[in-house]
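Peer 1: Requesting a structural model of the entry that follows:
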Amino acid sequence: MKKKLFTGVLIFLIFFTAFSEVLSVKKHQILYEWATDYINVKTAPQNDDIPDDARSHIMYEMVSPCVDNLVDNVQLIRDAPRSRIPILSVIDFYGKIFAIQVGMADNIIAYATQSGYWGEKTDELDILSEKTLEEVEESESYNQWRQHIKDEITTLHILPKQLWNTPEELREDILEYSLQEMPFFDRLFLSLWDSFSKEKAHTLYQTYQTHIKEDDLTNASADLFALYGIYMNQQKMREDINYFLSAFGEDFDFTPIIIFEIVTILLLSSAATCVVLLLLFYRKSPAVVGIPLGVSAVIVSSAYFTLGWFGLAGVAAVFLSYRYMIPLNYKKSALISLKAGFVLFLAHYVFNASLTYAGIIQSETGAQHLTDLVGGSLTGTGLYIGFQICLFCLLSVIGGLLAYMLLTTVKMMREESKQK
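Peer 2: Predicted coordinates:
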């Protein structure tokens, strides 16, 4: 008994790790492809002509740094190594989706603040729309205007909230942000976002220093506004964490999705463990005939064939019992058929789910994969599986009873022929 228990635990851990790894690789590949497509769209050459007038030119050039910062953030998360620890890899995947979503929120704050600031400053310069940028740049007032903006950037007067005197203070506030006061699960889930945002803050500060030295005021301001967006979302995270963890909008609920996925891997690993234990310790039992039939049911897959395979499992189990000289009656025939049907279901479930997770069996394509991986109801799926087990095992019992009746009839006919 101890040997079986130890073997079962060991096999379960192996399967749990393997299924977690396969699913993690598949999901992160989907995420990588989506992020790459998103980056390609954002960095694609624009056919728009740059306007000639000075004000429109300045506002047009202001957009580009915001896009670059967003692309850098998505690329940072896309290229981050994934976790290889079971369960944590699940949280890691959804944590990356969450980090990208918050990164986009950072960018919205940054863009809104930056566009408002530059719009106000260009109005202060009183640039006439008919003047070109070259004409404006030659004026003394333009140089004084740029120097004034540079002073506001270096002293952080460009930001709506005057909480800091230098960019270094803003960066330090972001880096000192802590998750320690949050619940354990929140800290675990937000750890990726926290590390990504702080790494991004460090990079933004370095690029800010480069841009300010090069007198690139548009990019330097974009770096500071992006830092400000990170800071603002850090403050909001403490107030809105329950909302962010429960929903992205109304239809995206994280907690049930994570639980559903973990339970699915647990069920799959348990089923695979049962199949292996049956092969190791109970391979002489007629019920084990359900294993090769379960694999065959996946290969030759259709609704009618599946029903036929379960009926065949009951028939095969009874015929093997008869061959092994196992005494049968209606009750024993029903029981051995029931066992064969359940074993067939386990083998079918394990083999089908494994091939689906590995991508060998695909019923959907493209972005639908991600929807399939994060969708589903735990209660609904459990009821559906329970209904399937009852229906299929009932078919096996019916098949086994018909086989027993046939064997009993043939046996009686043979005995009658011998008596004659």
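Peer 1: For stretch 156-163, measure first residue to last.
Peer 2: Stretch 156-163 has an end-to-end distance of 9 Å (CA to CA, to the nearest Å).
Peer 1: Identify all contacting residues around it.
Peer 2: With contact meaning CB atoms under 8 Å, 6 or more residues apart in numbering, stretch 156-163 is reached by 113, 117, 149, 151-152, 164-167, 169-170, 173, 221, 224-225, 228. The C-beta positions use only the backbone N, C-alpha and C, and glycine is treated the same way.
Peer 1: and of those, the nearest to I262?
Peer 2: D173 (36.0 Å; CB to CB).
Peer 1: quick one on the thing from earlier: now rank the contacts of stretch 156-163 by neighbours and give me the top one.
Peer 2: Scoring these on neighbours with other CB atoms under 10 Å, the highest-scoring entry is F225 at 29 neighbours.
Peer 1: Can I get stretch 288-300 as PDB, trimmed to CA atoms?
Peer 2: Once non-C-alpha atoms are left out, stretch 288-300 reads as follows in PDB (Å, rounded to 0.1, in the frame of the first residue of the first chain):
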ATOM      1  CA  VAL A 288      -8.100  -1.800 -17.900                       C
ATOM      2  CA  VAL A 289      -9.300  -2.500 -21.500                       C
ATOM      3  CA  GLY A 290     -10.800   1.000 -21.300                       C
ATOM      4  CA  ILE A 291      -7.300   2.600 -21.600                       C
ATOM      5  CA  PRO A 292      -6.500   1.600 -25.200                       C
ATOM      6  CA  LEU A 293     -10.200   2.200 -26.100                       C
ATOM      7  CA  GLY A 294      -9.900   5.700 -24.600                       C
ATOM      8  CA  VAL A 295      -6.900   6.500 -26.700                       C
ATOM      9  CA  SER A 296      -8.600   5.100 -29.800                       C
ATOM     10  CA  ALA A 297     -11.700   7.300 -29.000                       C
ATOM     11  CA  VAL A 298      -9.500  10.400 -29.300                       C
ATOM     12  CA  ILE A 299      -7.900   9.300 -32.500                       C
ATOM     13  CA  VAL A 300     -11.200   8.300 -34.100                       C
END
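Peer 1: Quick check: buried residues in that stretch?
Peer 2: Within stretch 288-300, the residues scored as buried using 16 or more other CB atoms under 10 Å are 288-291, 293-298.
Peer 1: Stretch 141-154 now?
Peer 2: Residues of stretch 141-154 classed as buried by neighbour count (16+ other CB under 10 Å): 142, 145, 149, 152-154.
Peer 1: hang on, the earlier thing: return the member of the buried residues of stretch 288-300 nearest to L267.
Peer 2: The nearest member of those to L267, counting by CB to CB, is G294 at 15.4 Å.
Peer 1: Please list all residues in contact with the nearest residue to that closest one once chain neighbours are set aside.
Peer 2: Nearest residue to G294, sequence neighbours excluded (CB to CB, 6 or more residues apart in numbering): A347, at 2.8 Å. Contact analysis of A347 by CB under 8 Å, 6+ apart lists 275, 290-295.
Peer 1: now do 7 Å
Peer 2: 275, 290-291, 294-295 (CB atoms under 7 Å, 6 or more residues apart in numbering).
Peer 1: Export those as a markdown table, with columns for secondary structure, distance to E137 and pLDDT.
Peer 2: Converted to a markdown table, the contacts of A347 look like this (DSSP: H, G, I helix; E, B strand; the rest coil; distance: CB to CB, whole Å; pLDDT from 0 to 100):
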| residue | secondary structure | distance to E137 | pLDDT |
| --- | --- | --- | --- |
| V275 | helix | 76 | 86 |
| G290 | helix | 82 | 82 |
| I291 | helix | 79 | 85 |
| G294 | helix | 76 | 81 |
| V295 | helix | 75 | 80 |
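Peer 1: With distance to A316 added, can I get these in CSV?
Peer 2: Putting those into CSV (distance: CB to CB, whole Å) gives the following:
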residue, distance to A316
V275, 17
G290, 8
I291, 11
G294, 12
V295, 14
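Peer 1: ok, which stretches of the stretch 251-400 of the chain are strands?
Peer 2: Ranges of strands within the stretch 251-400 of the chain: none, based on DSSP state E, counting those that start in this stretch.
Peer 1: so where is it shaky, pLDDT-wise?
Peer 2: 251-255, 301-306, 357-382, 384-385 (pLDDT under 70).
Peer 1: what ranges do the helices span in it?
Peer 2: 254-281, 290-299, 303-323, 330-358, 368-374, 378-419 (DSSP state H, counting those that start in this stretch).
Peer 1: Now render those as CSV, adding distance to A35.
Peer 2: As requested, the helices of the stretch 251-400 of the chain are exported to CSV (distance: least, CB to CB, whole Å):
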stretch, distance to A35
helix 254-281, 19
helix 290-299, 33
helix 303-323, 38
helix 330-358, 21
helix 368-374, 12
helix 378-419, 28
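Peer 1: coming back round to it: could you measure the residue nearest to G294 against Y38, distance?
Peer 2: Distance, A347 to Y38, using CB to CB, to the nearest Å: 41 Å.
Peer 1: quick one: stretch 219-235 to chain centroid distance?
Peer 2: How far stretch 219-235 lies from its chain's middle: 27 Å, per CA atoms, centre = their mean, to the nearest Å.
Peer 1: Quick check: buried residues in it?
Peer 2: 219-234.
Peer 1: W193: what's it in contact with?
Peer 2: 95, 98-99, 102.
Peer 1: circling back to that earlier point, can you tell which of the helices of the stretch 251-400 of the chain is closest to K198?
Peer 2: Closest of the helices of the stretch 251-400 of the chain to K198 is helix 254-281, at 22.1 Å (criterion: CB to CB).
Peer 1: wait, which of the contacts of W193 is closest to S337?
Peer 2: For the contacts of W193, the closest approach to S337 (CB to CB) belongs to G95, at 47.0 Å.
Peer 1: check which helix or strand covers that closest one.
Peer 2: Assessed by DSSP states H and E, G95 sits inside helix 88-125.
Peer 1: Show the subsequent helix or strand relative to that helix.
Peer 2: Using DSSP H and E, the helix or strand that follows helix 88-125 in sequence is helix 133-137.
Peer 1: chain center to the next helix or strand after that following helix, what's the gap?
Peer 2: Next helix or strand after helix 133-137 toward the C-terminus (DSSP H and E): helix 140-154. For helix 140-154, the separation from the chain centroid amounts to 47 Å (computed by CA atoms, centre = their mean).
Peer 1: could you give the angle of helix 140-154 to helix 88-125?
Peer 2: Counting by axes from the mean of the first three to the mean of the last three CA atoms, to 10 degrees, helix 140-154 points 150 degrees away from the direction of helix 88-125.
Peer 1: Quick check: mean pLDDT of helix 140-154?
Peer 2: For helix 140-154, mean pLDDT rounds to 88.
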